[in-house]
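Participant: quick one: sequence plus predicted model below, questions after.
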Amino acid sequence: NKSSQLSSLPLQILLYVNGVYYIFYFLATLAMIIYKSQVFSYPDDFLAPDLAVLFLMAILEVPRLYLGFKGNLTEAEAPLGLSLGLTVGSVVLCVYLLLWQTYVLWADVLLNAVLLSAYGLESGLKVTAIAAFVS
């Protein structure tokens with residue numbers, strides 16, 4: 001019966017919350033990188049990669065969220081699958097900022113842990129939604 005609605009309300013809410021949280025995450029992480037570059041002896045050749053990872057992550061976040069919204073609302077597995085793929089990339093960059101950026105403060109750990117948890121929950125909901133669309 002195709003008349004039943006398959007799109008996921010919890011996924012839609014989580015995508016929205018993640019979008020709002022990511023803006024906060026980006027600004028807070030950027031502010032902390034600037035703070036750390038002023039307070040600690042931040043080698044110049046380490047500042048650029050940390051900033052590049054943050055900006056690359058922000059660039060990935062736009063299509064990731066857009067495809068997630070679109071795929072869920074149109075009940076199309078392709079955009080949702082692409083969004084899931086981009087989420088994997090975002091997770092890798094998030095783990096970099098959690099473990100391998102030049103200086104990791106407790107606030108970095110907290111911000112990244114929340115983001116990774118949201119990515120994990122969102123990915124589970126995406127897989128569930130894709131399975132519902134395909135069946």
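Facilitator: Now that the structure is in, tell me what you want to look at. All figures in this text were calculated on a predicted structure; none of them were measured in a lab. Numbers count the residues shown, from 1 in each chain.

Participant: I figured Ala113 hits Leu98, correct?
Facilitator: Yes: the pair Ala113 / Leu98 is scored as a contact, 7.4 Å apart, by C-beta atoms under 8 Å. Every C-beta, even on glycine, is put in place using the N, C-alpha and C of the backbone.

Participant: point out where this protein drops to low pLDDT.
Facilitator: Residue ranges of the chain with pLDDT under 70: 1-3.

Participant: could you check which helix or strand contains the residue nearest to the spatial centre of the chain?
Facilitator: The centroid of the chain falls nearest to Ser90 when counting by C-alpha atoms, centre = their mean (5.1 Å). Ser90 is part of helix 77-95, with elements assigned from DSSP states H and E.

Participant: just the CA coordinates for that helix, please, in CSV.
Facilitator: Only the C-alpha atoms of helix 77-95 are listed here, as CSV (Å, rounded to 0.1, in the frame of the first residue of the first chain):
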residue,chain,number,x,y,z
GLU,A,77,16.5,6.2,-1.0
ALA,A,78,19.1,7.7,-3.3
PRO,A,79,19.4,11.2,-1.7
LEU,A,80,19.1,9.6,1.8
GLY,A,81,21.9,7.1,0.8
LEU,A,82,24.1,10.0,-0.4
SER,A,83,23.4,11.9,2.8
LEU,A,84,24.4,8.7,4.8
GLY,A,85,27.7,8.6,2.8
LEU,A,86,28.4,12.2,3.5
THR,A,87,27.7,11.5,7.2
VAL,A,88,30.6,9.0,7.1
GLY,A,89,32.9,11.8,5.9
SER,A,90,31.6,14.1,8.6
VAL,A,91,32.2,11.5,11.3
VAL,A,92,35.9,11.1,10.1
LEU,A,93,36.4,14.8,10.3
CYS,A,94,34.7,15.0,13.7
VAL,A,95,37.0,12.2,15.0
